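> structural data only, the sequence is not supplied:
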């Protein structure tokens, strides 16, 4: 798979924000990467460059490849509702993202690995497709054999995030995807309208 496996701090510095979560390297050097660091004069970005950067930020944040992202956009544009909002809602409804949001994994990459390695169930059945789209009411759980995994228990202990559109039971290691989140509930700093404008050209 053509996943980005290089230094994440470099990508975070490119966008000027820690899109992958807390990052000490980014905090030390929160300016764009490059040989001349912060001294290089950077001209005013064109409208296209700003739109492209926003799309790249969304792709890196959710760990989605270009073709997948375009397919999600096309699905969003043919759905009822505001295209940009539906686009983010579809990204949030992905199984790997929900596993990360529930705290079962410390990052979306780790969540994708848990799903791919058949540790996660949806409505009692093992699902190993990270891009699987969840529906409101779906139950997400950790497979019985995987409940003893140190990585999962450590991640759950460290997690303090609570989201209104999902619930988690620490006793049963099961969560519920209660509803599709509204735009105001999604914490990601993404200007989705710029992405819509880019793809609409």
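Perfect, thanks for sending it. Just so we're clear, the structure is a prediction, and the values are computed from it rather than from any experiment.
> lowest mean pLDDT among the helices and strands, pick that one out for this protein.
Taking mean pLDDT, DSSP states H and E as the measure, the helices and strands of the chain show their lowest mean at helix 24-28, namely a mean of 58.
> what's the following helix or strand after that one?
Sequence order places helix 47-62 as the next helix or strand after helix 24-28, per DSSP states H and E.
> and the next element down the chain from that next one?
Using DSSP H and E, the helix or strand that follows helix 47-62 towards the C-terminus is helix 66-77.
> buried ones in that following helix, by neighbour count?
For helix 66-77, burial by neighbour count (16 or more other CB atoms under 10 Å) applies to 69, 72-73, 76. (Each C-beta comes from the backbone N, C-alpha and C, glycine too.)
> what about the strands in the protein?
Residue ranges of the strands in the chain, as given by DSSP state E, are 120-122, 125-126, 138-142, 166-169, 174-177.
> just put the ones you listed in a markdown table and tack on distance to residue 156, mean neighbour count and mean pLDDT.
Supplementary listing: the strands of the chain in a markdown table, determined by distance: least, CB to CB, whole Å; neighbours: other CB atoms under 10 Å; pLDDT from 0 to 100:
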| stretch | distance to residue 156 | mean neighbour count | mean pLDDT |
| --- | --- | --- | --- |
| strand 120-122 | 13 | 21 | 97 |
| strand 125-126 | 20 | 10 | 96 |
| strand 138-142 | 9 | 21 | 97 |
| strand 166-169 | 8 | 16 | 95 |
| strand 174-177 | 10 | 20 | 96 |
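> quick one, which of those gets closest to residue 188.
Closest to residue 188 of those is strand 166-169 (CB to CB; 15.4 Å).
> coming back round to it: to residue 187, which of the strands of the chain lies closest?
Here strand 166-169 is closest among the strands of the chain (CB to CB), at 13.2 Å.
> strand partners of the closest one, parallel vs antiparallel please.
strand 174-177 (antiparallel) (DSSP bridges).
> contact partners of the strand it pairs with?
Residues outside strand 174-177 that contact it (CB atoms under 8 Å, 6 or more residues apart in numbering): 93, 98, 102, 104, 134-142, 165-169.
> correct me, but residue 196 touches residue 87?
Yes: with contact taken as CB atoms under 8 Å, residue 196 and residue 87 are classed as touching, separated by 7.4 Å.
> can you pick out the residue with more neighbours from these two?
residue 87 (25 against 21; other CB atoms under 10 Å).
> so who does that one touch?
Contacts of residue 87 (CB under 8 Å, 6+ apart): 72-73, 76, 192, 195-196.
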